[in-house]
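S.K.: take this sequence and fold it.
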Amino acid sequence: MQANEHKVALVSGANTGVGFQIAKALANNGYTVYLGSRNLQKGETAAAEIGSNAKAIQLDITDSDSVNSAVTKVQSEVGFLTLLVNNAAISHAGTSGRTMEEVLGAQRASIVPIDELKTVWDTNVFGTLAITQAFLPLLQKALAARIVTVSSALGSLGINANPENPFRSAFDAAYGASKTALNGIFLSLAIDLEKTNIKVHLVSPGFTATALNNFQGTDTVEVGSLEPIRVALSEDLPTGSFTGPANFAEADNILPW
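M.R.: The predicted model follows:
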C-alpha cells in the first residue's frame, strides 16, 4: 500500500455536467483528479478550466481497450487510486433531440426496443462495473479508498412503489431500471469489499438540468451536484450508503433502496 497522504481520484464522464462539478470540487480540495472523457479534447478543455490539479484521460467505459489504457496510465503515473467516481451514464439509445417526456414514453417496459434497453444498460450497469473491477487493484494499493457511484433516486424501488410519488411515471425500463440494477450490483460490491480498505457509496443528484434529461431538470448543475460532491469528499460515511437530496431522503440524506 502507498504510505502517501496525497489523494488521487478518477471521475468518469467528467468533461461536463455533474461529473465536471465533482472533479472541480475534488481538485479544489487537494486531489489530483483524472477527468475521464470519451472525447479527449473535451476532457483537456475541461481540465484546463479546472487547473493544474486536473488531468484529462481518454475513457469510454464500454470499451475495454479504453478502460485498460486508462488503468495503465494511472498505474504508470501515480501507482494507486484513492477515489473512483463512477459518473458516466446515458439516458437513452434512441433518436437524439427528443424531449425528456418523449424519451420516457418510448422507454416504457411494454414497448422499449430491447436493443436500445441493452445499450443503456451496457453503459449504466455493465460498463460501470467493468471500470470498477479494472481499477480495483489500484484502489487496493491506497491506504484507504472509496468508490462513489452516481445513481438516481429514480432507481429506488421503495420510492417508485409508493403511489404518492409524483415522479413514479418516470420510472422507465431503460434508464430508471438501469439505476435499480446499478444499486443492486454496487450494494453487492459493498458487501463483497466490507472487510477491505475500500468503501462503496451510491449517491443521487437532484433533478439536475443536464444532457441526460435534455436540460429539463429543475435544479442547476451546481445545486444538483451538492450531494454527489458531499459524498465524494466525505471519508467517514458507512460503506454501502445510498444517499440523495432531501426531498426524497430520510434522515441523514439516506434514500430507500
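
S.K.: what are the ranges of the helices in the stretch 1-150 of the chain?
M.R.: Ranges of helices within the stretch 1-150 of the chain are 17-28, 40-50, 64-77, 100-106, 114-121, 128-139, based on DSSP state H, counting those that start in this stretch.

S.K.: could you give the mean pLDDT of the fourth one?
M.R.: Right, helix 100-106. Mean pLDDT, helix 100-106: 86.

S.K.: and what of the first one?
M.R.: The average of the pLDDT scores along helix 17-28 is 96.

S.K.: now do the buried residues in stretch 58-71.
M.R.: When burial is assessed from 16 or more other Cβ atoms under 10 Å, stretch 58-71 yields the following buried residues: Gln58, Leu59, Asp60, Ile61, Thr62, Ser66, Val67, Ala70, Val71. In this view, the C-beta of every residue, glycine as well, is placed from N, C-alpha and C.

S.K.: mind putting those into TSV with pLDDT and distance to Leu233?
M.R.: TSV is the format used below for those (pLDDT from 0 to 100; distance: Cβ to Cβ, whole Å):
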residue	pLDDT	distance to Leu233
Gln58	98	26
Leu59	98	22
Asp60	98	27
Ile61	98	23
Thr62	97	28
Ser66	98	27
Val67	98	25
Ala70	98	23
Val71	98	24
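
S.K.: how far away is Leu136 from Gly17?
M.R.: Using Cβ to Cβ, to the nearest Å, Leu136 is found at 26 Å from Gly17.

S.K.: who has more neighbours out of the two?
M.R.: Using other Cβ atoms under 10 Å as the criterion, Leu136 and Gly17 rank with Gly17 on top: 22 against 19.

S.K.: skip the chain neighbours and tell me the closest residue to His92.
M.R.: Excluding the flanking residues, the one nearest His92 by Cβ to Cβ, 6 or more residues apart in numbering is Val103, at 4.8 Å.

S.K.: one more: Trp121?
M.R.: Leaving aside its sequence neighbours, Trp121 sits nearest to Ser178 (Cβ to Cβ, 6+ apart; 5.0 Å).

S.K.: is the one you found in a helix, a strand, or coil?
M.R.: Assigned with DSSP: H, G, I helix; E, B strand; the rest coil, Ser178 falls in the helix class.

S.K.: and it, how many neighbours?
M.R.: By the criterion of other Cβ under 10 Å, Ser178 has 27 neighbours.

S.K.: go ahead and flag the most central residue of the chain.
M.R.: Among the residues of the chain, the one closest to the centroid is Asn87, at 2.4 Å (Cα atoms, centre = their mean).

S.K.: which one is it nearest to, not counting chain neighbours?
M.R.: Computed as Cβ to Cβ, 6+ apart, the closest residue to Asn87 that is not its neighbour in sequence is Gly19, at 3.9 Å.

S.K.: contacting residues for that neighbour?
M.R.: Residues near Gly19 by Cβ atoms under 8 Å, 6 or more residues apart in numbering: Val11, Ser12, Gly13, Leu35, Gly36, Val85, Asn87, Ala88, Val150.

S.K.: now the two most distant members of the residues you listed.
M.R.: The span of the contacts of Gly19, defined through Cβ to Cβ, is set by Leu35 and Val150 at 14.7 Å.

S.K.: nearest residue to Ser69 in space, please, no chain neighbours.
M.R.: Closest residue to Ser69 apart from its sequence neighbours, by Cβ to Cβ, 6+ apart: Gln58 at 7.0 Å.

S.K.: so how far is Ser169 from that neighbour?
M.R.: Applying Cβ to Cβ, the value for Gln58 to Ser169 is 38 Å.

S.K.: mind checking pLDDT for Glu5?
M.R.: pLDDT, Glu5: 59.

S.K.: hmm, I was thinking of Thr32
M.R.: On the pLDDT scale, Thr32 gets 98.

S.K.: surely it touches Ala23?
M.R.: No. With contact defined as Cβ atoms under 8 Å, Thr32 does not count as touching Ala23 (10.8 Å).

S.K.: neighbours around Lys118, how many?
M.R.: 12.

S.K.: please disregard the earlier target; I meant Ala170.
M.R.: Neighbour count of Ala170, defined by other Cβ under 10 Å: 18.
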